[in-house]
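Asker: Sequence and predicted structure are below.
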Amino acid sequence: MDKGADAMQADGKGDDDKGSGRFMLKLSGEAFAGGGGLGVDPDVVHTIAREIAAVVRDGAQIAVVIGGGNFFRGAELQQRGMDRARSDYMGMLGTVMNCLALQDFLEKEGIDSRVQTAITMGQVA
């Protein structure tokens, strides 16, 4: 995994092996915003979670790598004079927010998941 990349793993207990295997899915932060471009659209995240859950129920193991560009873009903030490390951390926080949104909807679908991040966040990841 790239330095700073955040990921979520979903583990299924499907008894049919037609979808068995391990897969990685990369989702941009913009995918979570729907047509709005910023923030999180719950309907969009719920749809993504349902699609992931269906594959997991078929026996697949999925690691999801999620971006945070729907909240902040560290490089853009840096270009406007913000400290590079601080702007990168803001982008990572946006990514974690997306991960938590997806985790919530996956768990509502009955899929166990866990958020993993390079930032220590004991209460949430």
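Answerer: The structure has been received and is ready for your questions.
Asker: nearest spatial neighbour of Gly34, skipping sequence neighbours?
Answerer: Nearest residue to Gly34, sequence neighbours excluded (CB to CB, 6 or more residues apart in numbering): Asp41, at 3.4 Å. C-betas here are computed from N, CA, C, even on glycine.
Asker: show me what contacts the one you found?
Answerer: Phe32, Ala33, Gly34, Gly35 (CB atoms under 8 Å, 6 or more residues apart in numbering).
Asker: Next SSE downstream of the lengthiest helix in the chain?
Answerer: Using DSSP state H to assign secondary structure, the helix with the most residues in the chain is helix 84-108. Going down the chain from helix 84-108, the next helix or strand is strand 112-116, by DSSP states H and E.
Asker: hey, where'd the helices end up in this structure?
Answerer: Counting by DSSP H, the helices of the chain are 29-33, 42-57, 74-79, 84-108.
Asker: how about CSV for those helices, with mean pLDDT, distance to Gly67 and mean neighbour count added?
Answerer: Output for the helices of the chain, formatted as CSV (pLDDT from 0 to 100; distance: least, CB to CB, whole Å; neighbours: other CB atoms under 10 Å):
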stretch, mean pLDDT, distance to Gly67, mean neighbour count
helix 29-33, 91, 4, 20
helix 42-57, 97, 13, 18
helix 74-79, 79, 11, 14
helix 84-108, 92, 6, 19
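Asker: residue farthest from the centroid of this structure?
Answerer: Largest separation from the mean C-alpha position in the chain: Gly81, at 28.0 Å (CA atoms, centre = their mean).
Asker: Nearest to Val115, out of the helices of the chain?
Answerer: Closest to Val115 of the helices of the chain, according to CB to CB: helix 84-108, at 4.4 Å.
Asker: picking up where we left off before, which two from the contacts of Asp41 end up farthest apart in space?
Answerer: Once CB to CB is applied, these give Phe32 and Gly35 as the farthest pair, at 11.6 Å.
Asker: counting contacts, what elements does the longest helix of the chain pack onto?
Answerer: Counting by 3 or more CB pairs under 8 Å, 6 or more residues apart in numbering; DSSP states H and E, the packing neighbours recorded for helix 84-108 are strand 7-11, helix 29-33, helix 42-57, strand 60-66, helix 74-79, strand 112-116.
Asker: Thanks a lot, catch you later.
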